[in-house]
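Student: Sequence first, predicted coordinates after that:
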Amino acid sequence: MAKNAKQRTDIQIAICGSAGDGTIAAGDILKQAMAKAGYNVIAFDVYPPEIRGFGKCIARARITSEQVYSLKSESDCLVSLDDSHAIPHVPEVCKYGTVIYEDTPMSEMAEGTHISSHLASAQLPYGVAFREISERVTSSARSRNIVAVGYLAGLYDMPAEIFHQVIGRKFSGKPKELTDSVLSAFDAGFQTGAETFRLHFDRIGASRSKSKQSDLVMMSGNAATVRGCLDAGIDTFFGYPITPATTIMEMLAREMPKRGARLLQTEDEISAIAATLGAGYAGARAATATSGPGLALMSEMMGLGAMAELPAVAFVSQRGGPSTGMPTKTEQSDLNLAVFGVAGDGQRIILAPTNVEGCYKCAGKAFEMAEKYQTPVIVLLDLYLSNRYEAVELPVENPFSENCSKPVKKKPGKTKYSRFKLTSDGISPRAIPGDEDCMHTVTGLEHNEQGRPNDQPEIHQIMSAKRHEKLLTAVKHPGITISKRFGDKGKVDVGILGWGSTFGEILEAMIEARKEGIRCSAMKVVMLSPLPLGPIHAFMDDCGEVLVPELNYEAQFAALVTGATGRPVHRLNRVTGTPMRVREILAEIRRLAGQTEMIAAE
Amino acid sequence: MAKNAKQRTDIQIAICGSAGDGTIAAGDILKQAMAKAGYNVIAFDVYPPEIRGFGKCIARARITSEQVYSLKSESDCLVSLDDSHAIPHVPEVCKYGTVIYEDTPMSEMAEGTHISSHLASAQLPYGVAFREISERVTSSARSRNIVAVGYLAGLYDMPAEIFHQVIGRKFSGKPKELTDSVLSAFDAGFQTGAETFRLHFDRIGASRSKSKQSDLVMMSGNAATVRGCLDAGIDTFFGYPITPATTIMEMLAREMPKRGARLLQTEDEISAIAATLGAGYAGARAATATSGPGLALMSEMMGLGAMAELPAVAFVSQRGGPSTGMPTKTEQSDLNLAVFGVAGDGQRIILAPTNVEGCYKCAGKAFEMAEKYQTPVIVLLDLYLSNRYEAVELPVENPFSENCSKPVKKKPGKTKYSRFKLTSDGISPRAIPGDEDCMHTVTGLEHNEQGRPNDQPEIHQIMSAKRHEKLLTAVKHPGITISKRFGDKGKVDVGILGWGSTFGEILEAMIEARKEGIRCSAMKVVMLSPLPLGPIHAFMDDCGEVLVPELNYEAQFAALVTGATGRPVHRLNRVTGTPMRVREILAEIRRLAGQTEMIAAE
Amino acid sequence: MMNIHQPVYLEDKLEEVESSGKLAYRSQTLPTWCPGCGYFSIVEGVSKAMTDLGLNQKDTVCVSGIGCASRFPFFMNTFGFHSLHGRALPVATGIKVANDDLTVIVVGGDGDAFAIGGAHIPHAARRNIDITYILFDNGVYGLTKGQTSPTSIVGFKTTTTPYLNVDQPLNPLMMLLSYGASWVAQAYAGEPHHLTEMIEAAVAHRGFSYLHVLSPCVTFDKTSMTYKNLGMTVRPLPGDHDTSDFAAAMAAAQNTDLPQLGVYFAKERPTLADGLNEIAARAEATV
Amino acid sequence: MMNIHQPVYLEDKLEEVESSGKLAYRSQTLPTWCPGCGYFSIVEGVSKAMTDLGLNQKDTVCVSGIGCASRFPFFMNTFGFHSLHGRALPVATGIKVANDDLTVIVVGGDGDAFAIGGAHIPHAARRNIDITYILFDNGVYGLTKGQTSPTSIVGFKTTTTPYLNVDQPLNPLMMLLSYGASWVAQAYAGEPHHLTEMIEAAVAHRGFSYLHVLSPCVTFDKTSMTYKNLGMTVRPLPGDHDTSDFAAAMAAAQNTDLPQLGVYFAKERPTLADGLNEIAARAEATV
Ligand SMILES: Cc1ncc(C[n+]2csc(CCOP(=O)(O)OP(=O)(O)O)c2C)c(N)n1
Ligand SMILES: Cc1ncc(C[n+]2csc(CCOP(=O)(O)OP(=O)(O)O)c2C)c(N)n1
Ligand code: SF4
Ligand code: SF4
Ligand SMILES: [Mg+2]
Ligand SMILES: [Mg+2]
């Protein structure tokens, strides 16, 4: 069947099974192949907090020809590898959507336990004998998941060739017989799928840009973060494992030693940040990564970083809180801790990327900023961003500067070096151990320009100002988008202000709202501290109503923005451990648009 | 000379010397005696961060017949025990104020090093031979400071009798010869003072209420905190030393064992709060005390307290920050950390007393609240409040309830106990180890009503709501002032919103402003989380302009209030390690009052 | 001492267990551990020990940090406190100081104890707090999916040491002895009867008792502390080992190649509660 | 070894010092310690050792936590990092991992090290990070004005133990040995020549060297670790003490009543940097 090249593609596939079914692996092959085929792909996996057991796994991938910004709350296709887990997800399949399931259950099933009896009338059932096919071609049931992927590919007319490449790469290093057996499972599934009778909307449309195929890389937010670190020339990493940040350290552990950079798993998060500051003091580009509980432990050290004006980068991937909370669920509730969780007036820089490409940018730029502004920089991710896959184009040329340090210009032996010299921009020339004639001691005590402890009233006042004012220049740091407005220009009925991973859903909702004729625009704020107040004020000036949707209970960003601008906003909050839904945001936009009109009519 | 009984008293005396001069001890005798004599006294000592050396000490005491709320920025009298330290403080002596100094320096002094050459023309010099007198009557120069106190008492017609009592008590347990020698030094000083020619304004006026003398106790904020703990029936205290909170633990270490209560100096602040939560879990009234750096370390544990709904009281006395900062200087910059310094949506209760009596009340009530609302309660003090002395009247009857726990009403063996039962006010009946049939496990993981780990979307949403909503009822907790308005009622030009130790200066400035005819009122906010939004909104509704003076750089309370109310305020910030000045606040009130008028006139 | 190299599952022994009364101490929640995990033997051993010692569930508190091991309290039908990573000991200290009458059993993993929690152990030990600390040592971080731990051997390949671990592991037994722990022993999850014996003795000891349990992580360790390797190397302490001889205990603890099971050291000395009571008595005398 | 029971002040020896070149290593800031504090001998000893070893100031970093002891870096004219209470070792780890070429000297008090910083010592020791750790043990919290510390003896009266301390003190030497420190020694502030010798040897050792210095706090301890008491009890390690004999070191460390001065244990083994280089080599091999 010929591919309809004119058709736009926007299809979301969910594969659901239990931990042992190879659900995540199946999803991985699908998303890698489709990205390789030139589609835009956004994917996100959900898995249980326990190491094992029969917890539910879902791999979701949205495959599109145009740029999109988030997963959809409805999927076009659900593949069930375990009906008991998949049944609750049948309602998430859209009208005329497809449900693919195992047609040969191992034993007879109790009534109602088979998924086919749970479909809505407009959903299309495709029963397939995954197990049987797997057993037939590989003499084992273990490749059921691959058969399912093959079936899917066949059903949707996906390019089998590219799947072969992806499977080949995934199994490279494994015995050839294994790879061959997996490939034959795929082919058997593909053939079955291709031969199945289907309606036209089951076919996949064109990819975005056949020509650019090779530039699109399928990558998770954490992987992009790692790439950013490597491209920025990270020298040392000290970390302690914690979900969902662990994979950053794990990937760096493989890559850094290849470049002579050094990584150490420390005894806890306090040591991780302490060593990071120590390394930064000694001149290294140094980073750590953690989640909310770890950041809480780092709070005291972060304050030292601010006071002693030391560079350090901390990647903080948020999960459900408070406390140990929900380690494998997403949330945006560590904003308060990141922005305010420090003793004293200890402001530092906070960056929060909104998508996978942003993770790369923010990671690299964080090292530049830490070095330039001589302060800890927190890059605030969340589980939904860390583990989300997107097809991204990484820049061909390394976009990060090698050295952003303000150099010491000193006639040797002439004047005594002052580590904390007062300058017009608050940034003092920085020397590091080994530099001739620049000996000094850094301290968490208040200190004078030489770094000597000093608690005179004038000193504290002027040094507090220095430490804060230098940060204000960071909102103009070159080569990074600190904030950006999308959608309608000029006056709008509703403006949506967003941050972090939720901004994808915000953009989608804004686009929908505009389609409905609502004057609407959205602004993403990437630097959360110091806030880019100029652009935010300008944006708010243009908006009839401002909506701030975020994944936390306390409306943390809303309160932050209002506290800084003195302007009230509408809050939209959700704490379910799952991403915000586009339709929730849209409903709120509609409500506010109506409200503005009413006010205007009064 | 007869005492002028009709004269109002308002005199502030500053004694300044180096660490070895007995400066603080001299100030202590003065304030104790004057409080005993029935005067209102507010006193505050400043000392250096080093253990020893020749750092500057200043003991200031304001002695009044009417109620006042803060120290004055100008003193009426300066006693110098060391000119090199005292000279910079000469300008703080008011017009026609008194400067008393040593007239027999040990060696000849370089020009300009003697204080007498630094006085303004309207300041009155009194040179006294402290050393000589001390050597004459005690055959040692060591009692110079006592001679100075005696001189002061004689000069101002203070009641020598009461000074004798105070000195007697201070030296009780010491050899009688020592006490006698000190008393004779006092008497010699007193006689010299009484015989000195002086102008009428050097005399002290009437005390407030001769009849009530015995009820007024001179007490520091930390001592009042300790009394609050004891009266509330504290069972356990776990702490780690840190300035300016250490003395809370030190006083409790003496008092608690007498009542069979238990105190342990732990290995760090993390253990202190962990043990406090453990003890709270086991049913004890448990507390800890620390400063900003320690609170930063406690951040993760505090989140566990919020999630597992455990009672704990933490006294946090702020000092200059960030980081180690200025350990012996005051500041109000740990507000952000106290309110927001927790991973996830981990709101807890924050109380901030504004004076010494408030320390007592908040301390006791904190135990009630921790128990009733099943959550950590932070009592936010600061160095200026912890170390400030005021003459306070403690209630005759213990004002604190013995038990505020919501009891478990359960037919034994009938229903299974649910530790986190959903109730209308969010508070679940709480059982403790030892309670029959109530076994359960508390956890920092999100959990269902039984306390079992559960990360289902609905559970997290409903449990987050439960944990937050129960706190809302705390703003109506009986027997404690959560917020209070002072000054003009109804519409005013300027309203001042304040918290913590700075509220004394705010009140004084407000009173001055009203004298100048500015319509003005002030509101103190004692509960900083959750904020009493009703009264704050009502207050702001009445105010033309709202001013928030506080001792930090980032305008933390101002941003908090604006974030919560959506209303802009004027900020007045100072980071010098010293208290806010009444005249600074007053100047700002005047400016704003003018501004409002201008706006009204437009 | 038997040589069983496979753990015993609760499920396998359901009948035996039901008639023994041990189930009273087990919550309705089935352990979420991987089949074959050594930890099953420990939960089984604690239940058995509680039955044998006749402990009352309502007067027992199981305290833990975070990790696979630390899930333990959820599987017991006693009071429980699943606290934070590394903080089980200070929480237990608070509980015990607040109420002397409770039996407090603390559990945790090797990372929980010797990495993030390392500051707390010396103080619980020197103060001789009357609690039992059962350390589940699998030489790896289980819950976070297989990183190196302070007890991982040199050459161990994990996700954070893809080019093999180079750090010399800690020696927990020597450390606890040097801290002044008043009771120190070692057991092995593959020898459940001896393990149960040790748990009973640990709980019975008045003061701080430390029981180190070697326990394979079948999911993230296929090469190092496996049932196979441990089964071939563990052996009982010599019959003539003198538990009052500190130097002998230290010497035995040094032999990590052939881990020896049994009580290394035992000594009665005043507990923290004794000390606090002494303080109260002195304070009263001054009133 | 001489028996001097009073510390030597820099001021007393100004001439001698000026001609020795040691002043190059001293900053212009005079120590803010109390006259008579044992710490003066240590700053003097380090300056002397640096001269003798010919260390370059610009390649030396002194790292500390918080406490009287931790004020040390301000008094040296080297690079310095006055960090947070308890965190000197992890900060030093970061510095050393970032730049192998630096000489890193870590100092701290007994509370800084064994109370709040207790989790970090085992790991710095087992990893054999090539730094020198000089522990200023005065058995009390100096900077916060006299509270009990982890090395305070039983019966010590402080502001937090007004009814006398009841907690058994820790034994730092035994602890460090049990952690696998590759060089462990003890000195006494009252014996400055031996102290200087020990500092030199500590800095010279390749790997983690731990030097425990007994140092009286003249302000907050009038009864326990005084010059008088220490002067009467300290003695050198026996002449035949074998620094390669771990058991002998442990045995010597147990004798806390009569503290012995000298090198307890010394052993060359690969440092952390060696390990990290090994990792890099293995990684390159896979590229
Ligand atoms: C403060 C903090 N840091 C990190 C984590 C993540 N974490 C959970 S368990 C664990 C280690 C588990 O290893 P171990 O203590 O040996 O227990 P095991 O799982 O092997 O039984 C880590 C690092 C956390 N929960 N909290
Ligand atoms: C997190 C934190 N907790 C507490 C303190 C207060 N503090 C400063 S120094 C010190 C203890 C000092 O004792 P030690 O380490 O023995 O050093 P010494 O002063 O005796 O030399 C304490 C508790 C602090 N600065 N930071
Ligand atoms: S991961 Fe390892 S330690 Fe955790 S339950 Fe599984 S086998 Fe046990
Ligand atoms: S208080 Fe003690 S340790 Fe601190 S400087 Fe003074 S004598 Fe030394
Ligand atoms: Mg483990
Ligand atoms: Mg000390």
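Tutor: It's in. Ligands and ions are numbered 1, 2, ... in the order given.
Student: how about the residue nearest the centre of chain C, secondary structure?
Tutor: Centroid-nearest residue in chain C, with C-alpha atoms, centre = their mean: C:Ile134, separated by 1.5 Å. Per DSSP: H, G, I helix; E, B strand; the rest coil, the secondary structure class of C:Ile134 is strand.
Student: State the distance from it to A:Leu533.
Tutor: 55 Å (C-beta to C-beta, to the nearest Å). Every C-beta, even on glycine, is put in place using the N, C-alpha and C of the backbone.
Student: now C:Gly80
Tutor: Counting by C-beta to C-beta, the gap from C:Gly80 to A:Leu533 is 48 Å.
Student: got it, and A:Ile115?
Tutor: Per C-beta to C-beta, A:Ile115 is found 52 Å from A:Leu533.
Student: Same check on A:Leu230?
Tutor: When A:Leu230 is compared with A:Leu533 (using C-beta to C-beta), they lie 33 Å apart.
Student: who's more crowded, these two?
Tutor: A:Leu230 (19 against 14; other C-beta atoms under 10 Å in any protein chain shown).
Student: The more buried one contacts A:Leu263, correct?
Tutor: No. Applying C-beta atoms under 8 Å as the test, A:Leu230 and A:Leu263 come out as separate, 11.8 Å apart.
Student: any shared contact partners between the two?
Tutor: Any residue near both A:Leu230 and A:Leu263 by C-beta atoms under 8 Å, 6 or more residues apart in numbering or on different chains counts here, and that gives A:Leu252, A:Met256.
Student: Got the confidence number for residue 204?
Tutor: Looking at chain A here, since you left the chain open. A:Ile204 carries a pLDDT value of 71.
Student: Correction: the question concerned chain C.
Tutor: With respect to pLDDT, C:Ala204 has a value of 97.
Student: A:Gly38 now?
Tutor: Value for A:Gly38, per-residue pLDDT: 85.
Student: Secondary structure of it: a helix, I assume?
Tutor: No. Applying three-state DSSP, one finds A:Gly38 to be coil, outside a helix.
Student: What separation do you get for the closest residue to A:Pro159 other than its chain neighbours and C:His82?
Tutor: Closest residue to A:Pro159 apart from its sequence neighbours, by C-beta to C-beta, 6 or more residues apart in numbering or on different chains: A:Ala37 at 5.4 Å. Per C-beta to C-beta, A:Ala37 is found 46 Å from C:His82.
Student: Ok, A:Asn403 next?
Tutor: From A:Asn403 over to C:His82 the distance is 47 Å, taken as C-beta to C-beta.
Student: So for the two, which residue has more residues nearby?
Tutor: C:His82 (27 against 10).
Student: got the contact list for the more buried one?
Tutor: B:Thr441, B:Val442, B:Thr443, B:Gly444, B:Leu445, C:Ser64, C:Ile66, C:Ser70, C:Arg71, C:Pro73, C:Phe74.
Student: same check, this time on A:Asp345
Tutor: By C-beta under 8 Å, 6+ apart, the contact list for A:Asp345 reads A:Ser464, A:Arg467, A:His468, B:Gly321, B:Pro322, B:Ser333, B:Asn552, B:Tyr553, B:Glu554, B:Gln556, B:Val575.
Student: cutoff 7 Å now
Tutor: Residues counted as contacts of A:Asp345 (C-beta atoms under 7 Å, 6 or more residues apart in numbering or on different chains) are A:Ser464, B:Gly321, B:Pro322, B:Ser333, B:Asn552, B:Tyr553, B:Glu554, B:Val575.
Student: wait, isn't the third one in contact with A:Ala306?
Tutor: Translated: B:Pro322. Yes. B:Pro322 is within contact range of A:Ala306, at 5.2 Å (criterion: C-beta atoms under 7 Å).
Student: who touches both of these two?
Tutor: A:Val342, A:Gly346.
Student: Pick out whichever of the two has more residues nearby.
Tutor: B:Pro322 (32 against 27).
Student: To which secondary structure element type does the more buried one belong?
Tutor: Under three-state DSSP, B:Pro322 comes out as coil.
Student: cool, and A:Phe163?
Tutor: Per three-state DSSP, the secondary structure class of A:Phe163 is helix.
Student: distance of the nearest residue to it once chain neighbours are set aside from A:Val46?
Tutor: In this structure, A:Phe163 finds its nearest non-sequential neighbour in A:Ala33, 4.6 Å apart by C-beta to C-beta, 6+ apart. Plainly put, A:Ala33 is 21 Å away from A:Val46 if you go by C-beta to C-beta.
Student: who's more crowded, those two?
Tutor: When A:Ala33 is set against A:Val46 and neighbours are counted by other C-beta under 10 Å, the residue ahead is A:Ala33, at 25 against 22.
Student: which of the residues in the helix or strand hosting the more buried one are buried?
Tutor: Using DSSP states H and E, the element containing A:Ala33 is helix A:23-36. Of all the residues in helix A:23-36, those buried under the rule 16 or more other C-beta atoms under 10 Å in any protein chain shown are A:23-36.
Student: Any regions of chain C where pLDDT drops low?
Tutor: Chain C contains residues with pLDDT under 70 at C:1-23, C:28.
Student: Centre of it to the edge, which residue is at the far end?
Tutor: C:Val287 (42.6 Å).
Student: Next one: the residue nearest to that residue when sequence neighbours are not counted relative to A:Phe420, how far apart?
Tutor: Closest residue to C:Val287 apart from its sequence neighbours, by C-beta to C-beta, 6+ apart: B:Lys258 at 5.3 Å. For B:Lys258, the distance to A:Phe420 (C-beta to C-beta) stands at 49 Å.
Student: Which one of those two is surrounded by more residues?
Tutor: Each of B:Lys258 and A:Phe420 had its neighbours counted (other C-beta under 10 Å), and the higher figure belongs to A:Phe420 (22 against 16).
Student: State the distance from the more buried one to A:Met307.
Tutor: 10 Å.
Student: now do C:Gly54
Tutor: Using C-beta to C-beta, C:Gly54 is found at 57 Å from A:Met307.
Student: Which one's more surrounded, these two?
Tutor: Neighbours per residue (other C-beta under 10 Å) separate C:Gly54 from A:Met307, with A:Met307 holding more: 28 against 6.
Student: hang on, the more buried one packs against B:Pro322?
Tutor: Yes. If you go by C-beta under 7 Å, A:Met307 and B:Pro322 touch, sitting 4.9 Å apart.
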